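Student: can you look at this prediction? I've put the sequence above it.
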Amino acid sequence: MTIHVIPGKGYDSNIYIIDGKQPSIIDTGTGLNAKHIEKEIRKRINPTSITQIIFTHEHFDHTGGAQHVLGLTENTAHLIAHSYTKEKIDNKESMFAAMLGGSMPDVTIDTIFNGGEQIIIGDHQYEVIFTPGHSPGCLCFYCKEEKILFSGDTVFSHGSFGRTDFPGGSLRKLQESIHYLSTLDITDLYPGHESCVIGNASKHIALSYQNIFTLG
């Protein structure tokens, strides 16, 4: 299994391609750089082999490109998200998308996760962790065997973390979410933005936990 990283361009989130028995994509960016994303995906994998597209949360910078990426799979990939993300996509609700001249994707979420489930991504089993705070629909994906965490916008490298001033954000809930992540044994961190951490990721998350309590 290899994790391929397409770093965020402009307002795009990072996009992750995980090959293996269950080829997967985590997050899709805004869709405003669709040609660039398509080129980067095709360099790494035959997109028609992708079986699932997974969203860490509903924000436009993570979901806006879903329709285009799904099309690259010939509309065969399974879409997976939290129930709150499904609601926002179904209702096409996004002030951020409107600000950027974009719109929420015209797609249907196939499977809803609310935390506690297990999912195969690539070649390994991941625990689905509900981590509200940045938004009410945030999910992280943790592989205990490989000590890997896909953290969306819950926690970033170097002690950073998601903002809580968007609708539905909560500092208290984000503190609780990061506290739980800080109890896990994590070596490699793949966040929604900024740089990845390969090795000693738990130290970065511990610093995030320390830093977030300086806010109250």
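Tutor: Looks like it came in fine.
Student: rest of the way, CA atoms for contacts and neighbours
Tutor: Noted.
Student: looking at the longest strand seen in the chain now, give me its mean pLDDT.
Tutor: In the chain, taking DSSP state E as the definition, the longest strand is strand 124-130. Taken as a whole, strand 124-130 carries a mean pLDDT of 98.
Student: who's in contact with the residue most central in space within the chain?
Tutor: Residue closest to the average C-alpha location in the chain (C-alpha atoms, centre = their mean): residue 56, at 3.2 Å. Going by C-alpha atoms under 8 Å, 6 or more residues apart in numbering, residue 56 touches 26, 27, 62, 81, 82, 137, 138, 139, 140, 151, 152, 153.
Student: which of these fall in strands?
Tutor: Residues of these located in strands (DSSP E): 26, 81, 139, 140, 151, 152.
Student: give me phi/psi at residue 70?
Tutor: phi -60, psi -40 (degrees, to the nearest 10).
Student: confidence score at it?
Tutor: In this model, residue 70 carries a pLDDT of 98.
Student: start at 226, not 1
Tutor: Done: numbering now begins at 226, and the last item shifts to residue 295.
Student: what's the spacing between it and residue 240?
Tutor: 14 Å (C-alpha to C-alpha, to the nearest Å).
Student: who has more neighbours out of the two?
Tutor: residue 240 (25 against 22; other C-alpha atoms under 10 Å).
Student: buried stuff in the helix or strand harbouring residue 261?
Tutor: Using DSSP states H and E, residue 261 sits in helix 259-269. For helix 259-269, a neighbour-count test (16 or more other C-alpha atoms under 10 Å) marks 259, 262, 265, 266, 269 as buried.
Student: my read: the first one touches residue 292, true?
Tutor: No - the pair formed by residue 259 and residue 292 falls short of the contact definition of C-alpha atoms under 8 Å, at 10.0 Å.
Student: overlap in contacts of the two?
Tutor: With C-alpha under 8 Å, 6+ apart, residue 259 and residue 292 have no common neighbours.
Student: just to revisit the earlier point, name the surrounding residues that touch the helix holding residue 261.
Tutor: Contacts for helix 259-269 (C-alpha under 8 Å, 6+ apart): 229, 231, 242, 272, 290, 293, 294, 297.
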